[in-house]
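Novice: this is a predicted model, with the sequence first.
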Amino acid sequence: VNETAIVEAVHAQERKMPSPLLPDFWAVLYLFGVFIANCLVFFVQRWSLMVKSRVQFKRSDRLEAGHLAYITPHAHQGAAEIISVHEKQLSGGGGRGAPFLF
C-alpha cells in the first residue's frame, strides 16, 4: 500500500469542519460583544444611581409634581436617591412649597 492511498483513505473518513450550519466567527464574536455590553449597561445602572439617572431619565428645567428628582446629600450624610416629587400645601401661609421629602 502506497502513501497516497493511505492519505486518501484518511481524508475520505474525515468530516468537513466546521459544519456549514454553524454561524460565522465574526457573527458569534459580534453577538458576544453585544451580550457583554448589555450586561455591563444593566449592572452599571444597578451599581450607580448617577448612571441610572442619566441613562433612563432626561433633565428638566422645572420641578413639578409627578416628576422624579435625583438627590445627592452632603458627604457622609446618607446615600443618593431618586425620589418622586409631591406638591404640598403649607399650613398658615397658604402658599405651596416643600415639593419633596428626603
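Specialist: Done, it's in.
Novice: shaky segments in this protein?
Specialist: 1, 12-18, 89-102 (pLDDT under 70).
Novice: show me where it has strands.
Specialist: Under the criterion DSSP state E, the chain contains strands at 68-71, 81-84, 88-89, 96-97.
Novice: looking at these, which is closest to Thr4?
Specialist: strand 81-84 (74.5 Å; Cβ to Cβ). Glycine gets a C-beta too; all of them are placed from N, C-alpha and C.
Novice: same for the closest one, what does it pack against?
Specialist: helix 49-56, strand 68-71 (3 or more Cβ pairs under 8 Å, 6 or more residues apart in numbering; DSSP states H and E).
Novice: quick one, which of those is nearest to Trp26?
Specialist: Closest among these, using Cβ to Cβ: helix 49-56, at 28.3 Å.
Novice: now for Trp26: which residues touch it?
Specialist: Taking Cβ atoms under 8 Å, 6 or more residues apart in numbering, we find Trp26 in contact with no residue.
Novice: let's have the strands of the chain in JSON lines, adding distance to Asn2 and mean neighbour count.
Specialist: Shown next, in JSON lines, are those (distance: least, Cβ to Cβ, whole Å; neighbours: other Cβ atoms under 10 Å):
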{"stretch": "strand 68-71", "distance to Asn2": "80", "mean neighbour count": "14"}
{"stretch": "strand 81-84", "distance to Asn2": "79", "mean neighbour count": "12"}
{"stretch": "strand 88-89", "distance to Asn2": "97", "mean neighbour count": "11"}
{"stretch": "strand 96-97", "distance to Asn2": "100", "mean neighbour count": "10"}
